[in-house]
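K.L.:
no sequence on this one, just coordinates:
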């Protein structure tokens, strides 16, 4: 009998935990600021409605209906679709091996926060800490100072995964998400009370309405939605495959999307209010200290923490603690997507499948704690996300929308839902999402071919970037051609159990998510009004 979630709340927390990853904290605020500020929220909300929620509903329905991870579930829809499921699993595997390195750095910096070990020059400290070499081909050996946190993260992930869906992932997410919310809340409250906070928020939310005519802004909005919801690389299909038959997937998709995007806006308020204070202290414009990704987390923010007037260590622990809990919740979901794919096709238990995945992942991830780790990570991350995830997403909506009847899935989604999705869902999948993802993929491939990536040597980009794409393609071909257990493509009879339609906890979560989302919007409006008032006074 297939394992199931203990409750709908457990599933929602796991799904939200997967979606609310590191990118929500360190990527969204900068993407918003650089693409029209408050005006960016217009295409952002449009993308949520036309792509984010429709694809979540699609993947929840596929997983719940066909009772398997991405490869087997897609094979049960049409045996010719199995290769796409394995491509998504390969994407998840590659993300797993480099995501570990980021969480390892976070664990180290969580410890550094107590003494502000990064000193007065966090950038130099970070480069020295990683033992960064000049190129991706100069490995520089395994950095011994990373070994202990590396083992800590691996052991923690293994313990959670071996415990299974109910006793491992569900319990871990029930612990991690409340801690994450509390820590981010502390950061937001502290940030908003600092001098210069309004300048940081103005940088993030000040609307540039002219940006709405720029197609790249709309592509950026869809890209943010797509990458922040953990869709198109097997996670949500895997998680929903452990749902009871009578679960309301439409309602679950709306809750997941609302909570995720509400958290993005909420975390952005905390990040940029603190960066506004940092800019004020240094006497520079906010755009000079703003950044995204690894640079924001390990170089810029430690500087900001050190400039705080009091309780620096406490707020450092809150920031890196938030990154750690978000990272762990996402990490275990990514690994579980691979585990479910292996387990469902081949005749093996969950624990055996976990072993089959984490042993090679452990070996490969050693590459990312060498001196070339940051360089390799940056290149692989860009290609896997911008070509791998975008490509898998495009193929998913193309195959389901145009070569299978999406109406069948819409009926399955609506069967046990409190409210039904209409024809708009089908049109969004077949037309809007296909066009946007197609444009994104073409532009990304063109850029990488003509311009390379990030100023890195062509050898590094070819070896690690295009090499990662090749691994995804070859991996999908190899796993598809392998013989699976008898009848794995046939939907087996699986014992079901009932869950309540909408628990009080789920309702509370949705209210919190909506509150955070619209709270962010209200902040943007206030900033806009304040800016307009300033302009009138100057006139």
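P.N.:
Now that the structure is in, tell me what you want to look at. Note that the structure is a prediction, hence the values are computed from the model and not measured.

K.L.:
which strand or helix spans residue 33?
P.N.:
Element membership for residue 33, per DSSP states H and E: helix 28-34.

K.L.:
what sits up against that helix?
P.N.:
Applying Cβ atoms under 8 Å, 6 or more residues apart in numbering, the contact partners of helix 28-34 are 40-41, 44, 203-205, 220, 224, 228, 264-265, 267-268, 271-272, 287, 290-292, 296. No exception for glycine: its C-beta is placed from N, CA and C like everyone else's.

K.L.:
out of the residues you listed, which are buried?
P.N.:
40-41, 44, 203-205, 220, 224, 228, 264-265, 267-268, 271-272, 290-292, 296 (16 or more other Cβ atoms under 10 Å).

K.L.:
on that earlier part again, any idea how far the helix holding residue 33 is from the middle of the chain?
P.N.:
Remark: helix 28-34 is offset 15 Å from the chain centroid, using Cα atoms, centre = their mean, to the nearest Å.

K.L.:
skip ahead from it and say which helix or strand is next.
P.N.:
Reading on from helix 28-34 to the C-terminus, the next helix or strand found by DSSP H and E is helix 41-47.

K.L.:
where does the prediction get shaky in the protein?
P.N.:
Scanning the chain for pLDDT under 70 picks out 291-293, 492-539.

K.L.:
ranges for the strands of it?
P.N.:
Assigned strands in the chain: none (criterion: DSSP state E).

K.L.:
how near is the residue nearest the centre of it to residue 79?
P.N.:
Nearest to the geometric centre of the chain sits residue 228, at 4.1 Å (Cα atoms, centre = their mean). Applying Cβ to Cβ, to the nearest Å, the value for residue 228 to residue 79 is 32 Å.

K.L.:
repeat for residue 480
P.N.:
From residue 480 to residue 79 the distance is 10 Å (Cβ to Cβ).

K.L.:
those two: which is more packed in?
P.N.:
residue 480 (20 against 10; other Cβ atoms under 10 Å).

K.L.:
that one and residue 86 touch, don't they?
P.N.:
Yes - the pair residue 480 / residue 86 is scored as a contact, 5.4 Å apart, by Cβ atoms under 8 Å.

K.L.:
mutual contacts of those two, please.
P.N.:
Common contacts of residue 480 and residue 86 (Cβ under 8 Å, 6+ apart): residue 71.

K.L.:
how many other residues sit next to residue 458?
P.N.:
Neighbour count of residue 458, defined by other Cβ under 10 Å: 10.

K.L.:
same thing with residue 6?
P.N.:
Look at residue 6: counted by other Cβ under 10 Å, it has 15 neighbours.

K.L.:
thinking it is in contact with residue 164, fair?
P.N.:
No - judged on Cβ under 8 Å, residue 6 makes no contact with residue 164 at a distance of 10.9 Å.

K.L.:
name the nearest residue to residue 279, ignoring sequence neighbours.
P.N.:
Spatial nearest neighbour of residue 279, excluding adjacent residues (Cβ to Cβ, 6 or more residues apart in numbering): residue 286 at 4.5 Å.

K.L.:
isn't the one you found right up against residue 274?
P.N.:
No - under the criterion of Cβ under 8 Å, residue 286 makes no contact with residue 274, lying 10.8 Å away.

K.L.:
which of those two has more residues huddled nearby?
P.N.:
Neighbour count, other Cβ under 10 Å: between residue 286 and residue 274, residue 274 has more, with 27 against 21.

K.L.:
can you pull out the helices in the stretch 151-300 of the chain?
P.N.:
164, 171-192, 197-205, 215-228, 235-240, 249-282, 286-289, 293-295 (DSSP state H, counting those that start in this stretch).

K.L.:
out of the ones you listed, which is the most enclosed?
P.N.:
Counting by mean count of other Cβ atoms under 10 Å, helix 235-240 has the highest mean neighbour count of these, with a mean of 30.

K.L.:
residues making contact with that one?
P.N.:
11, 14-15, 18, 56, 59-64, 69-70, 73, 85, 88, 92, 229-230, 249, 333-334, 336-337, 339-341.

K.L.:
do stretch 378-385 as well
P.N.:
For stretch 378-385, contacts defined as Cβ under 8 Å, 6+ apart pick out 91, 94-95, 98, 136, 227, 294, 448, 453-454, 456, 460-461, 464-466, 468-469, 472.

K.L.:
separate out the buried members of those residues.
P.N.:
The neighbour-count test (16+ other Cβ under 10 Å) marks 91, 94-95, 98, 136, 227, 294, 448, 453, 456, 460-461, 464-465, 468-469, 472 as buried among the contacts of stretch 378-385.

K.L.:
in helices, which of those residues fall?
P.N.:
Among the buried ones among the contacts of stretch 378-385, DSSP state H puts 91, 94, 95, 98, 227, 294, 448, 460, 468, 469, 472 in helices.

K.L.:
now distance to residue 211 too, for those residues, in CSV please.
P.N.:
Formatted as CSV, these follow (distance: Cβ to Cβ, whole Å):
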residue, distance to residue 211
91, 30
94, 33
95, 30
98, 32
227, 20
294, 26
448, 24
460, 33
468, 32
469, 31
472, 33
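
K.L.:
out of those residues, who's nearest residue 371?
P.N.:
Closest approach between these and residue 371, by Cβ to Cβ: residue 460, at 13.4 Å.

K.L.:
excluding chain neighbours, what is closest to that closest one?
P.N.:
residue 136 (3.8 Å).

K.L.:
and the one you found, what does it touch?
P.N.:
Residue 136 sits next to 372, 375, 376, 379, 456, 457, 459, 460, 463, 464 when contact means Cβ under 8 Å, 6+ apart.

K.L.:
and if you look at residue 139?
P.N.:
Listed by Cβ under 8 Å, 6+ apart, the contact partners of residue 139 are 133, 367, 370, 371, 372.

K.L.:
for these, work out which two are farthest apart.
P.N.:
Greatest spatial distance in those: 133 and 367, 12.5 Å, computed using Cβ to Cβ.

K.L.:
from residue 147, how far out is residue 83?
P.N.:
37 Å.

K.L.:
neighbour count: those two, which is higher?
P.N.:
The neighbour comparison of residue 83 against residue 147 (other Cβ under 10 Å) goes to residue 83, with 19 against 13.

K.L.:
quick one: residues contacting the more buried one.
P.N.:
476, 477, 480.

K.L.:
residue 365 too?
P.N.:
Contacts for residue 365 (Cβ under 8 Å, 6+ apart) come out as 96, 97, 98, 100, 101, 150, 154.

K.L.:
residue 426: which of these is nearest?
P.N.:
Taking Cβ to Cβ as the measure, residue 426 lies nearest residue 96 of the contacts of residue 365, at 32.9 Å.

K.L.:
my guess is that closest one contacts residue 334, does it?
P.N.:
Yes - the criterion here is Cβ under 8 Å, and residue 96 meets it with residue 334 at 5.0 Å.

K.L.:
which of those two has more neighbours?
P.N.:
More crowded of residue 96 and residue 334, by other Cβ under 10 Å: residue 334, with 27 against 22.

K.L.:
what about the more buried one, distance to residue 90?
P.N.:
Between residue 334 and residue 90 the computed distance is 12 Å (Cβ to Cβ).

K.L.:
kindly report the same for residue 235.
P.N.:
In this structure, residue 235 and residue 90 are 13 Å apart, going by Cβ to Cβ.

K.L.:
do the same with residue 309
P.N.:
Per Cβ to Cβ, residue 309 is found 48 Å from residue 90.

K.L.:
more neighbours, the two?
P.N.:
More neighbours surround residue 90 than the other of residue 309 and residue 90, with 26 against 9 (other Cβ under 10 Å).
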